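K.L.:
show me the folded form of this:
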Amino acid sequence: QECWKFVKDCKLQKDRKALPSVRVDLIFQSCTIDHSKKGLDRVRHVHPELGPTQFVEFMARLASYRYSKGSWSDRLKKMLNDDVLPNACSVDIDVFRERIAGDKCK
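P.N.:
Here you go, the predicted model:
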């Protein structure tokens, strides 16, 4: 699941007490609920991936839960600046070189 990859890549769970795995799952589920339906139909057709709007909601909810001080926008900025931007899509150059030199890439 892409959301879990995002959480791990950005090291959002470096303090598991601040953001437990169960909470990440609940946040994901809350972003995928179809509010146009009623009862169990809301969660029966959950998609395994989030659309762009749902992903923004996912990030906002993560930030809101992860950080306890400040407004929602302050919390989101803090998460983006402290966790996401420094860690997202970071590449270990040595691992990259090793993979490129491997037989599968030749």
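
K.L.:
what sits up against the helix or strand hosting M79?
P.N.:
Using DSSP states H and E, M79 sits in helix 72-79. Helix 72-79 is contacted by residues L12, M59, A60, L62, A63, S64, R66, Y67, K69, G70 when judged by Cβ atoms under 8 Å, 6 or more residues apart in numbering. Glycine gets a C-beta too; all of them are placed from N, C-alpha and C.

K.L.:
buried only: go through the residues you listed for me.
P.N.:
L12, M59, A60, L62, A63, S64, R66, Y67 (16 or more other Cβ atoms under 10 Å).

K.L.:
need those residues in a markdown table (columns: pLDDT).
P.N.:
As requested, these are exported to a markdown table (pLDDT from 0 to 100):
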| residue | pLDDT |
| --- | --- |
| L12 | 92 |
| M59 | 94 |
| A60 | 95 |
| L62 | 95 |
| A63 | 95 |
| S64 | 94 |
| R66 | 93 |
| Y67 | 92 |
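
K.L.:
and of those, the nearest to D41?
P.N.:
The shortest approach to D41 among the buried ones among the contacts of helix 72-79 belongs to A60, at 25.4 Å (Cβ to Cβ).

K.L.:
output the contacting helices and strands for the top helix by length along the chain.
P.N.:
Ordering each helix of the chain by length in residues (DSSP state H) puts helix 52-66 first. Secondary-structure packing of helix 52-66 (3 or more Cβ pairs under 8 Å, 6 or more residues apart in numbering; DSSP states H and E): helix 2-9, helix 21-32, helix 72-79.

K.L.:
I27: how many residues sit nearby?
P.N.:
Neighbours of I27 under the rule other Cβ atoms under 10 Å: 22.

K.L.:
hang on, it packs against A63?
P.N.:
No. Contact criterion Cβ atoms under 8 Å: I27 and A63 do not qualify, at 10.2 Å.

K.L.:
what does stretch 9-18 rub up against?
P.N.:
With Cβ under 8 Å, 6+ apart, stretch 9-18 has contacts from 7, 19-21, 24, 62, 66-67, 79, 83-84, 87-90.
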